[in-house]
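1. Sequence and predicted structure, then a few things I'm wondering about:
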Amino acid sequence: MHIKRLEIAGFKSFVDRTVIHFDHDVIGVVGPNGCGKSNIVDAIRWCMGEQSAKHLRGRAMEDVIFNGSESRGPHGLSEVTLTFDNTDPTYAESLPPEYQAYPEIAITRRLYRDGTSEYLINKTQVRLRDITELFLGTGVGTKAYSIVEQGRIGQIVSSRPEDRRLYIEEAAGITKYKQRRKQAERKMELTRQNLLRITDIVTEIDRTRASLKRQVAKAERYIQYRAELEDLVLHDASHKLLEYIVTEQVEKTSHGEAQSGLERARENLSAAESELDLARQESLSIEQRADKASTSAFEADNEVTALGAEIERAKDRMSHLVERQNSAENEQDQIASRLAELNAERETLADRLADLARDETERAADAQKEDDALGELRGEESRANEVLQGVRDELGRTSSQAAAEEARLDAHAHHIAELEARRDRLGVERDGIADELAELSAKKHALERSVAELAEGKRLTVAEREGLEAELVELRARQLESERKVDVAKNELGLKKNRLKALDELHRRLEGVGAGARALVNGSHAGVLGLVADRIEAPEELTAAFAGLLGERLQYVVVEDLPRGLDLLGELARAARGRANIVAARPPYVAGSAKSGALSEPGVIGYLADRLVYAPADEALVRALVGDTLLVETPAQALSLAERFVGTTAVSLDGTVARPDGVVSGGSGDDAAAAMVEQKRELRVLAEDVERLSEHYSRVHEEHTALRARLSEVGTSLDRARQEAHAGELAHVTAEKDLARTSDEITRATARQATIGAESAELETKLADARRAQGECQTQLEAARASLEHLRHELGKAEAQAASWNERVTAQAALVTERKVRLAQVREQVEAAKSSQERVLAAIADLETRAQRLGDELVEVARSLGETAAQIVIARETRLGATEAARLAHEELSAARALLEQVRFALGTREAELKTLRDEAQLLDESLRRAEMALQRIELERQHLLANVRDRFRGLDLLRVVGDYHARPIPDDEQRRRIEELTQLIDRMGPVNLDAGREWEDAEKRFHDLSTQKIDIEKALDDLDRAIKHMNRESRRRFKETFEAVNELFKKTFVRMFRGGRAELALTNPDDMLETGVEIIAQPPGKKLGNIELMSGGEKALTAVSLIFSIFQYRPSPFCVLDEVDAPLDEANVARYNEAIRSMTANSQFILITHVRKTMQSVDVLYGVTMGEPGVSRIVSVKVNDQAQARSEHRGALSSMPPAAADESVQVA
């Protein structure tokens, strides 16, 4: 998975599309500071998914988009494409399956100025997550050891142990496990939250089911109340509608009378308006005449004013023309003087130019002579440099040959170590498979037991389900008996309610009551409180006594006070609706008192008033009507008491009354008073029966409801048992599948065990071949090192001779530059003199043109003066005639205005008469509108009533049902109170869910569905937990193996890089392989073991390099980017650094960003980054093997490049 190509466009300083090909093992990137070298590393990291702008050396992600320079505007898009070679099967196998077959993999990232991002793999849009997963486990990534950017090499040593373990994790290939574990943990957390939510929902639905059952009963009561309320409201609305119809007829009559009067008033008004129109037309004619005269006078005045103004303007023009004439003459004199001065300056400049031309010729010849001498010296210098370059080329070839031999030697050693490590890994894997086979065998036995246990559980669940089904049959039989009891109680309650309703209707119609009293009670008169019989009640055994005592007084009408009662009696007389007796609710006088001694007489039961039932507010009324009447057992006893005790009234149980005035009443027959008392008592008894039966019905209904609830619980339990049986069946099937899968895994592990044995034998053969090739390479390396010593001696002599010629060329070049500077100064003076000469000639031409224009202007001014004087004379004559015409027009205007005043006075008189007629018509119109408004109000109230009935009773048309109610009595206060009572009952019920039955069924179904989902989620949690444990186990094993292998390699690499010393890695918490940090313990040669932070910068860098290279030896990354990692190293360490890199090129590709010359010499190809244009980077590539040819071509291009770009190109070459 080597990098094949990098394409950059609009990224940081790379404005134009730039393509960098990485076709070699070691690629170098060089250039001066600030030219954009590190932007190449940033582009690679950014394309691979880096999300931190800080790690890309920016404040916000938009900073990676080119932001403009002195010569270019900002870009709106940044795009980087990174193409990988995917032909190596070693790395292709670690990629996701969908990308393994591609020979190339191109990753593209785009960022727009508005913040929009795009990611593509092989030109197909993907997510950032897809790109991250592509590199997992490959050793490649934005935070992996494959990219070590500028300044980070020292941080590897100084970082926390927990951060340093990331390199071991990447080498172990467990980053993908960590990623998957995080995803599994997030999924597990979401699953737990879903389980909590579903548990809450199931609990809530369970509560809702009970609530819905109560709502069903509530809806049934609501429907009953609603039906009764609808009947009462329609009765009341029907009578209101009839009232509106009668009132409407009356108002229509008033409306017709008002409309006739208004039509007559409008006829009179029309005649008056016609006369007024004639008068206005006459006034308008006279007014037009006056306007015409006014216009004529105004036009004449305007003409006189305009002529005067024209004369004044002509005078102003003459003054201005005289001033222009004087100014032009003065300017002509000034131009003549300036022309003389400019002619003298022109002659002086011509002499100056002749002198400068001679001086320029002499200095040009001198500069050319010195330049020819410089060319000869450069020829000698070039021949010396060619000799020097030849020696250097030979030395470079020999050095490359030696380095290549050293790299091959190290590669063989690394290859041998890798084969040995692979052999060890196969041994570990063989042991792991043996452990896995043991674990799978145990798992298989456990699954076999689980299958047997689940089969037994399935049998027990079936038995439980059969028991619940038997109980369900029994409960359904009991439910039928309970429904019968509810129906009986409901019918009995209905009979009592109907009887109560019939008696209540008779009572409200006041059957047997006089017409006058009935008229007062039913008329809804203010101050009427009802009949005496409605306010006092007697027990059943005292009905005869109470009725006999009061008699017709039971039909007395109770009023608030007697004056109001007298008014009501007057209304009865005027309406001829009968007679009535009234009594005040609080009478000002009461009946006489019986002697207290009478209470002790034989047969006396007590005061009758004490045994009556009434409200506390009616105490005075009872005392006034009943007083201290004594209740006795027999009529004889009543008569005896009345005779013996003065002023005493006594009544016997059979209704015989003995009064103080000697009147005794009694007997039997059709007694209306007794009937009223009995009816009132029966109403009370029926009400009590209805209440008692309602309680009985509620109790029976509750028992029925409880039975239904139990039936529902058994049904639910049965459903749950069925679900458990289904779940057990699923678990049984799942366990059987797990058992079969475990058997398959055992088969695969056994096959892999055999494959490992074959691979181990093959590795032993490869190890023998690698050790033989290592010996041959060592011999060739020693021969190359001997040739290097001779070439270095020849190089010193060639460098000394080339330096001598270089000094002579430098001195001669300085002399040539001095001559050319003097020549340039003379040429600048010549150009300045020519510019002055051209300026003087142009000024002379401009002045001559201006003098000609002034002469023409003086001629034109003289002509204009004559014309203006003639115009003034003509205007004065015309103004005299216009003044006379204005005088005549003003006289005509005065006469017309006087006549207009007379006509307007007569017109005002007629308008006053018309106003009077209009006022009369307006009064009639207002009366008509009032009648219309009354009709509209009646119609609106009627429509409102009809609409209210439609809205309240589901679109019912009141006109269609009014015939069902008009024959019924007019609604009284009792009916309206009942309407209010039912309305309050319905309002107190609050919101009623009429769909409660359907919702209860839905809740039952949802409860069962969610319970099943809960079981599935719990199983999913168990699966995720097992997966996480497996990943943790695998991560621990891989981390431990990788740490031990990298630690051994680190010990060897440190000694090789430092030429001595010792170092090792240590775990901060060996007991926790998932979280432990990694410490570095290092002791450079000749130093004591101490704090690693006390090491020098170079030692820290070399230690970090040793660790990185150790990881590469264990698990090579497809490529490695090292950004100025060699900067802190001295020359000797740089050589070892380059040797180590070359030794690893067999498996990895290296991209080195450097300023170090020795590193530049060791690479296969150099890419130079320059800024020929400020703020814009570009690429120049030079192959190390072709550097001599590149230098000669490069020098030829220097003359056409800007100075800054030329200097940078020299550094690159």
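-> Thanks, I have it.
2. Run through the stretch 301-450 of the chain and note the low-pLDDT ranges.
-> Where the stretch 301-450 of the chain drops to pLDDT under 70, the residues are 396, 400, 403-404, 407.
3. At which residues are the helices of it located?
-> Taking DSSP state H, counting those that start in this stretch as the criterion, the stretch 301-450 of the chain carries no helices.
4. cool, and the stretch 1051-1200 of the chain?
-> Using DSSP H, counting those that start in this stretch, the helices assigned to the stretch 1051-1200 of the chain run over residues 1097-1114, 1131-1143, 1157-1162, 1187-1198.
5. what angle separates the first one from helix 1131-1143?
-> Just to be clear, that refers to helix 1097-1114. On the basis of axes from the mean of the first three to the mean of the last three Cα atoms, to 10 degrees, helix 1097-1114 is oriented at 10 degrees to helix 1131-1143.
6. tell me the contacts of Arg127?
-> Neighbouring residues of Arg127 by Cβ atoms under 8 Å, 6 or more residues apart in numbering: Tyr119. Glycine gets a C-beta too; all of them are placed from N, C-alpha and C.
7. Of all the helices of the stretch 1051-1200 of the chain, which one is nearest Ala811?
-> Proximity to Ala811 (Cβ to Cβ) singles out helix 1187-1198 among the helices of the stretch 1051-1200 of the chain, at 20.5 Å.
8. Name the residues that touch stretch 349-360?
-> Identification of contacts with stretch 349-360 by Cβ under 8 Å, 6+ apart yields Leu823, Val826, Arg827, Gln829, Val830, Ala833, Lys834, Ser836, Gln837, Val840.
9. Mind giving me the packing neighbours of the helix or strand hosting the last one?
-> Taking DSSP states H and E as the criterion, the element that holds Val840 is helix 672-952. The elements that helix 672-952 packs onto, with contact taken as 3 or more Cβ pairs under 8 Å, 6 or more residues apart in numbering; DSSP states H and E, are helix 175-509, helix 532-535, strand 536-537, helix 543-550, helix 958-965, helix 996-1058.
10. Which strands or helices does the third one pack on?
-> Put plainly, it is strand 536-537. Other elements packing on strand 536-537 under the criterion 3+ Cβ pairs under 8 Å, 6+ apart are strand 613-614, helix 619-625, helix 672-952.
11. Adjacent strands (with direction) for the first one?
-> Read it as strand 613-614. Note on strand 613-614: by DSSP bridges, its sheet partners are strand 536-537 (antiparallel).
12. Work out the gap between the partner strand and the centre of the chain.
-> Chain-centre distance of strand 536-537: 73 Å, with Cα atoms, centre = their mean, to the nearest Å.
13. still on that earlier bit, same list, the helices of the stretch 1051-1200 of the chain, but as JSON lines with mean neighbour count please.
-> Below are the helices of the stretch 1051-1200 of the chain laid out as JSON lines (neighbours: other Cβ atoms under 10 Å):
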{"stretch": "helix 1097-1114", "mean neighbour count": "23"}
{"stretch": "helix 1131-1143", "mean neighbour count": "19"}
{"stretch": "helix 1157-1162", "mean neighbour count": "19"}
{"stretch": "helix 1187-1198", "mean neighbour count": "14"}
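14. Tell me how many other residues crowd the spatially closest residue to Phe1043 that is not a sequence neighbour.
-> Of all residues not flanking Phe1043 in the chain, Ile168 sits nearest, at 5.4 Å (Cβ to Cβ, 6 or more residues apart in numbering). Residue crowding around Ile168 was assessed by other Cβ atoms under 10 Å; the count is 27.
15. Now do the strands in the stretch 501-650 of the chain.
-> Remark: strands assigned in the stretch 501-650 of the chain by DSSP state E, counting those that start in this stretch are 528-531, 536-537, 557-559, 582-584, 604-607, 613-614, 630-632, 650-652.
16. Those strands into JSON lines, with extra columns for distance to Arg968?
-> Output for these, formatted as JSON lines (distance: least, Cβ to Cβ, whole Å):
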{"stretch": "strand 528-531", "distance to Arg968": "21"}
{"stretch": "strand 536-537", "distance to Arg968": "28"}
{"stretch": "strand 557-559", "distance to Arg968": "23"}
{"stretch": "strand 582-584", "distance to Arg968": "28"}
{"stretch": "strand 604-607", "distance to Arg968": "43"}
{"stretch": "strand 613-614", "distance to Arg968": "31"}
{"stretch": "strand 630-632", "distance to Arg968": "41"}
{"stretch": "strand 650-652", "distance to Arg968": "39"}
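17. That's all I had, so thanks and see you.
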